[in-house]
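S.K.: Structure for the following, please:
(2 chains)
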Amino acid sequence: MADDKVVISPARGVEQTFVERVRTTVPLVRVWTVRDLRVRYRQSVLRSGWSLLQPLAILFTYGWVLTAVLDVRPEEAPYLTFAWAGIVPFTFFAQSLGLGVGSIQQAGPVISRVYLPREVLPLSVVAGTFVDLAIMTGTLVVVSWVQVGPPTVYLLGLVPVFVVLLLWTTVLTVAAAGITVFRRDLNFAVPLFLRVLFIVTPVMYSAELIAQQSKWLVDLNPLAVVVEGTRDALYRQQWPDPALLGAHFAVAAVLLVVVFAVFRRLEPRMSDFV
Amino acid sequence: MSGTLRFEGVGKVFPGAGPDGADLVAADGVDLVVGANDAVAVIGPNGAGKSTLLKMAAGVTSPTTGRIERTGRVSTVLELGTGVHPDLTGRENVDLLAALITGDRRRSADGLTEIVEFAGLAEVVDRPVRHYSTGMLARLAFSVAVHSEPELLLVDEVLSVGDLDFQSRCRERIRELRAGGATLLLVSHDLDLVTTLCDRAVLMVEGRTVADGPSAEVVDTYVGRPAPVRDPGRIGLRVDQEVVDAGTPVVARFQVPDDGRAHAVRLDYVVGAPSMFELVERSSSIVCATAVLPVTSPGPMSVELSTAGLPRGRYDLQATVLDESGQQVDAGAVPFTLDAAQGGYLLEVPAQLLVDGAAVGAP
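M.R.: As a prediction, this is how the structure comes out:
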């Protein structure tokens, strides 16, 4: 039977067309994501409550320090709604990248014994945290409804904002996971990067505070664009800046193609390094 | 449908993975065709490249040179515990393993029942596998692999883990699958299993296939390899002491011929006579240590061979002089006896070669 012939070559490993690749990747991502989610909360008392508790802890500690101690008061919305709108997308990004960076390396015993497209592993991490994002977005809408008012048509603006967020998260998580197979440095660099990013992104404070100094820092930072876009859609009654969002979409999309092409070239050698 | 598998000049090098940072050649120009419904075993000493061959067939790792073609749905019997998460139940792990092994084929509820029943785990299927024994885990993995309607089944030395009853059911199941048209590629040190399950066997030594034929014949070749010659050869191989206390190094001396070619010398310890070894291995002569050392200049040479860890018994020390292309130029073999048991029953014993007191290679 010729049509099920598989060729394994030095340069490309298991040779597959793009369509075959997607067809094998998608079901495996689904299965692996379910596994990750089950494992994550299986032995903990709070189960999925943990995915909310962590960002809530950040919200209350930072919120208390910033509002009660440092007296930061955004004018546009109550602090809870304002900060939660930043924490929700940021947490998704940080969780994906933080858990995803070592995902291929940690699955070493599996990928050195059975073939699966390696990107399944980081993609499953992103998919798993996306479930958390969905839950947290629900809480965000509720909080905003209570504090500011019911959602309007502008809430639809969350869709393009989250698409850009998902693209950037996928690009960086897959790239980080692939690099970590060969060099372990990112295991250490990613937590540092995330802390720095948390500080330079207007999550807990208003974007205007940085924009006054250097607007480019907000415009170039995808997370800042996403956080601001989330606030636009949620309670500012305006559409997120289409030019900025479009530019970030385009850059992330190009990077996605590049990252997957490079990933595919490195993949045949990955199992020798984990 | 039956799967097929074809290796064309397949080589695999792990850069810097060998002794002293040298490249490790796990496969060297392997040509192998496994036809539809064939059952082929790959046998050979540890480190010969058997498992690497199987991994390349599965697509887990890519060859460095050559290419591999295969047809049919592949199933791999995973090593113990691979892909299994201890906190998940048997049922949840079966879902996961089935997806990993088969790619995207979905398991039906019927399939799950069959898998669990075959593995004899019906009562514990909803408990976390953390509570399973080693044998139960192995049964689970095997059961998933053989119930995924494989057309090409890749098995790497995993049948020996389950109990006797399960082992016989495994053999039975593999026979059923073959009767249904499946193709089998098996890596095993269990030569009995090899001859009962496979019609054909391939002997691999140092990344090359050195014999390929009916399994009984190839097993005989392996068991008898290298033929004990007990002849010092033209290279004048001799050992300083014929009876050696365990732990004391054996010093071997020989002459590297001066014929204008570059050489390497291969040294094998062969267990040449019944010893306490016999208790664990049926075969009568087993290569238990191998080392290759490059020789830079012709002339007399002496090598100190550590005997640490070797069990008591009678050995043949065999030296083979090879030219650059790996062709044998000359060979000799001399017996020595290792007295004073040190215990141990390892099949492959780490032995270090020393030239003038400096390490030159490891088995």
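S.K.: what residues does chain B put near chain A?
M.R.: B:1, B:14, B:55-73, B:76, B:78-79, B:81-83, B:85, B:87-88, B:92, B:95-96, B:99-101, B:103-104, B:106, B:128 (Cβ under 8 Å from any Cβ of the partner chain). C-beta here means a position set from N, CA and C on the backbone, and glycine is covered the same way.
S.K.: Now with 6 Å, please.
M.R.: Proximity of chain B to chain A is confined to B:58-64, B:67-71, B:76, B:78-79, B:82-83, B:85, B:87-88, B:96, B:99-100, B:103-104 under the rule Cβ under 6 Å from any Cβ of the partner chain.
S.K.: can you count the residues close to residue 236?
M.R.: No chain in the question, so chain A it is. Neighbourhood size, A:Arg236 [other Cβ atoms under 10 Å in any protein chain shown]: 18.
S.K.: I was after chain B.
M.R.: Look at B:Gly236: counted by other Cβ under 10 Å, it has 13 neighbours.
S.K.: Which per-residue confidence value corresponds to it?
M.R.: With respect to pLDDT, B:Gly236 has a value of 78.
S.K.: again with the one 5 residues further on
M.R.: B:Gln241 is assigned 72 on the pLDDT scale.
S.K.: quick one, what contacts it?
M.R.: Residues in contact with B:Gln241 (Cβ atoms under 6 Å, 6 or more residues apart in numbering or on different chains): none are found.
S.K.: Only whichever of the residues of chain B next to chain A are buried, select them in PyMOL.
M.R.: Listed next is the PyMOL selection for buried residues among these, using 16 or more other Cβ atoms under 10 Å in any protein chain shown:
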select buried, chain B and resi 58+59+60+61+62+63+64+67+68+69+70+71+76+78+79+82+83+85+88+96+99+100+103
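S.K.: Just want the most central residue of the chain.
M.R.: You didn't say which chain, so I picked chain A. With distances taken as Cα atoms, centre = their mean, the residue of chain A nearest its centroid is A:Phe93 (3.0 Å).
S.K.: should've been chain B
M.R.: B:Asn46 (4.3 Å).
S.K.: what about that one, distance to B:Val250?
M.R.: 21 Å (Cβ to Cβ, to the nearest Å).
S.K.: ok so, going back, my read is that the residue nearest to the centre of chain A contacts A:Thr170, right?
M.R.: No - A:Phe93 is not in contact with A:Thr170 according to Cβ atoms under 6 Å; the separation is 10.5 Å.
S.K.: Without its sequence neighbours, what residue ends up closest to the closest residue to chain B within the stretch 101-250 of chain A?
M.R.: Closest residue of the stretch 101-250 of chain A to chain B, Cβ to the nearest Cβ: A:Tyr115 (3.8 Å). Distance criterion Cβ to Cβ, 6 or more residues apart in numbering or on different chains; nearest residue to A:Tyr115, sequence neighbours excluded, is B:Gly59 at 3.8 Å.
S.K.: can you pull the contacts of the one you found?
M.R.: Per Cβ under 6 Å, 6+ apart, neighbours of B:Gly59: A:8, A:14, A:115.
S.K.: can you rerun that using 7 Å?
M.R.: A:8, A:13-14, A:115 (Cβ atoms under 7 Å, 6 or more residues apart in numbering or on different chains).
S.K.: just for chain A, where's the confidence low?
M.R.: The model of chain A has pLDDT under 70 over residues A:1-3, A:43-48.
S.K.: I should have written chain B there, sorry.
M.R.: B:80, B:103-110, B:158-162, B:224-230, B:246-247, B:260-263, B:268-291, B:293-298, B:306-314, B:338-363.
S.K.: Domains in it, by residue range?
M.R.: Split into domains by automatic domain parsing, chain B comes to B:4-223, B:238-361.
S.K.: ok, now which ones touch the residue nearest to the centre of chain A?
M.R.: Neighbouring residues of A:Phe93 by Cβ under 7 Å, 6+ apart: A:165, A:169, A:223.
S.K.: Among those residues, which one is most surrounded by other residues?
M.R.: Neighbour counts for these, by other Cβ under 10 Å, peak at A:Thr169, which reaches 29 neighbours.
S.K.: Tell me which residues of whichever strand in chain A runs longest come out buried.
M.R.: Taking DSSP state E as the criterion, chain A has its longest strand at strand A:6-9. Within strand A:6-9, the residues that count as buried by 16+ other Cβ under 10 Å are A:6, A:8-9.
S.K.: next one: stretch B:321-338
M.R.: In stretch B:321-338, counting by 16+ other Cβ under 10 Å, buried: B:321-322, B:329-334, B:336, B:338.
S.K.: Out of the residues you listed, which sit inside strands?
M.R.: Among the buried residues of stretch B:321-338, the members falling in strands (DSSP E) are B:321-322, B:329-334, B:336, B:338.
S.K.: Grab the two from these that are most spread out in space.
M.R.: Among those, the pair separated by the greatest distance (Cβ to Cβ) is B:Val329 and B:Leu338, at 28.6 Å.
S.K.: picking that back up, tell me which of the buried residues of strand A:6-9 is nearest to B:Val239?
M.R.: Distances from B:Val239 to the buried residues of strand A:6-9, taken by Cβ to Cβ, are shortest for A:Ile8, at 46.0 Å.
S.K.: Can you tell me the SS state at A:Trp239?
M.R.: Look at A:Trp239: counting by DSSP: H, G, I helix; E, B strand; the rest coil, its state is coil.
S.K.: tell me the phi and psi of it?
M.R.: phi -80, psi 140 (degrees, to the nearest 10).
S.K.: residues in contact with the nearest residue to it once chain neighbours are set aside?
M.R.: Nearest non-adjacent residue to A:Trp239, counting by Cβ to Cβ, 6+ apart: A:Gly157, 5.2 Å away. Applying Cβ under 7 Å, 6+ apart, we find A:Gly157 in contact with A:229, A:232-233, A:239-240.
S.K.: swap the cut-off to 10 Å and go again
M.R.: A:229-230, A:232-234, A:236, A:238-240, A:242, A:245 (Cβ atoms under 10 Å, 6 or more residues apart in numbering or on different chains).
S.K.: phi, psi of it?
M.R.: Main-chain torsions, A:Gly157, degrees, to the nearest 10: phi -60, psi -20.
S.K.: Any figure for the gap between it and A:Leu234?
M.R.: 9 Å.
S.K.: So which of the residues of chain B next to chain A sit within helices?
M.R.: Among those, the members falling in helices (DSSP state H) are B:58, B:96, B:99-100.
S.K.: from memory A:Ala224 sits against A:Val218, does it?
M.R.: Yes - counting by Cβ atoms under 10 Å, A:Ala224 touches A:Val218, with 4.4 Å between them.
S.K.: Give the residues shared as contacts by these two.
M.R.: Shared contacts of A:Ala224 and A:Val218, defined by Cβ under 10 Å, 6+ apart, are found at A:200-202, A:207, A:210-211, A:244.
S.K.: Going through those, which ones are buried?
M.R.: Neighbour counting by 16+ other Cβ under 10 Å classes A:201-202, A:207, A:210-211, A:244 among the shared contacts of A:Ala224 and A:Val218 as buried.
S.K.: can you give me the strands in the stretch 1-150 of chain A?
M.R.: Taking DSSP state E, counting those that start in this stretch as the criterion, the stretch 1-150 of chain A carries its strands at A:6-9, A:13-14.
S.K.: Distance to A:Val258 for those strands - can I get that in TSV?
M.R.: Below are the strands of the stretch 1-150 of chain A laid out as TSV (distance: least, Cβ to Cβ, whole Å):
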stretch	distance to A:Val258
strand A:6-9	22
strand A:13-14	19
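S.K.: Now distance to chain B too, for those, in a markdown table please.
M.R.: Below are the strands of the stretch 1-150 of chain A laid out as a markdown table (distance: least, Cβ to the nearest Cβ, whole Å):
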| stretch | distance to chain B |
| --- | --- |
| strand A:6-9 | 4 |
| strand A:13-14 | 4 |
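S.K.: Go through those and name the closest to B:Asp231.
M.R.: strand A:6-9 (44.2 Å).
S.K.: Hmm, A:Pro122 and A:Ala176 touching each other?
M.R.: Yes - A:Ala176 lies in contact with A:Pro122 (Cβ under 10 Å); the separation is 7.7 Å.
S.K.: Cool, thanks, talk later.
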